[in-house]
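# Make a model of this:
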Amino acid sequence: MKDNLIWSFFKKNKLTYLAGLIFMLTASYIQTLFPKVLGETIDMMKESSFSQAAVKQNILYILLIALATFILAFTWRNLIIGNARKMECTFREELFRHFQRLSPTFYSKRKTGDLIAYASMTCQLSGWRLALQQRSRLMESLSVLLQSILWPLSSA
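Below is the predicted model of the structure:
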């Protein structure tokens with residue numbers, strides 16, 4: 001039996017998806033450091049004899065957290081959403097190969113322009129739909145995971 005087109009695409013690009021997932025999880029973790037550093041900075045400044053060097057160091061940490069979050073988020077979005085675009089192109093190429101194998105009588109019964117328009121729209125929508133579904137499922141999973149970990153910690 002011929003391998004499913006979607007599964008074969010995921011198998012071929014699994015390292016890119018895995019790298020995107022790792023970058024996403026790392027970006028999410030680094031974002032959780034921001035409130036901790038900010039809280040420590042505010043607590044330091046509440047004291048009458050706080051060290052300006054320590055506050056400046058924490059401000060530098062906050063800037064580094066922001067920069068790292070930006071870079072990691074940019075990278076994981078390019079990896080995962082870039083794969084959606086690659087998937088869209090793969091589907092379109094496979095569909096056009098299939099169109100080339102069809103008989104001339106198939107085309108005499110149907111308008112060629114309509115077939116191409118439907119195929120282009122379907123491939124484009126399926127690629128973006130899959131990318132958005134993956135992103136929403138990952139974000140839902142991360143949300144549940146973080147709530148289950150952070151909620152008990154915040155009430156302690």
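
# Spatially nearest residue to Phe34 (excluding sequence neighbours)?
What sits nearest to Phe34 in space, not counting adjacent residues and going by CB to CB, 6 or more residues apart in numbering, is Ile65, at 5.1 Å. From N, CA and C alone the C-beta is placed, and that goes for glycine too.

# give me the number of residues near that neighbour?
Ile65 sits with 18 neighbouring residues when counted by other CB atoms under 10 Å.

# Kindly report the same for Thr112.
Number of residues near Thr112 (other CB under 10 Å) recorded here: 11.

# Please name every helix or strand in contact with the biggest helix by length in the chain.
Ordering each helix of the chain by length in residues (DSSP state H) puts helix 52-101 first. Using 3 or more CB pairs under 8 Å, 6 or more residues apart in numbering; DSSP states H and E, the elements in contact with helix 52-101 are helix 5-12, helix 14-46, helix 112-154.

# between it and helix 14-46, how many degrees?
Calculated by axes from the mean of the first three to the mean of the last three CA atoms, to 10 degrees, helix 52-101 forms an angle of 160 degrees with helix 14-46.

# where among the helices and strands packed on helix 52-101 is the average confidence lowest?
Lowest mean pLDDT within the helices and strands packed on helix 52-101: helix 112-154, a mean of 61.

# before we move on, the earlier item: and the longest helix of the chain, how far from the chain's centre?
Helix 52-101 has its C-alpha centroid displaced from the chain centroid by 6 Å (CA atoms, centre = their mean, to the nearest Å).
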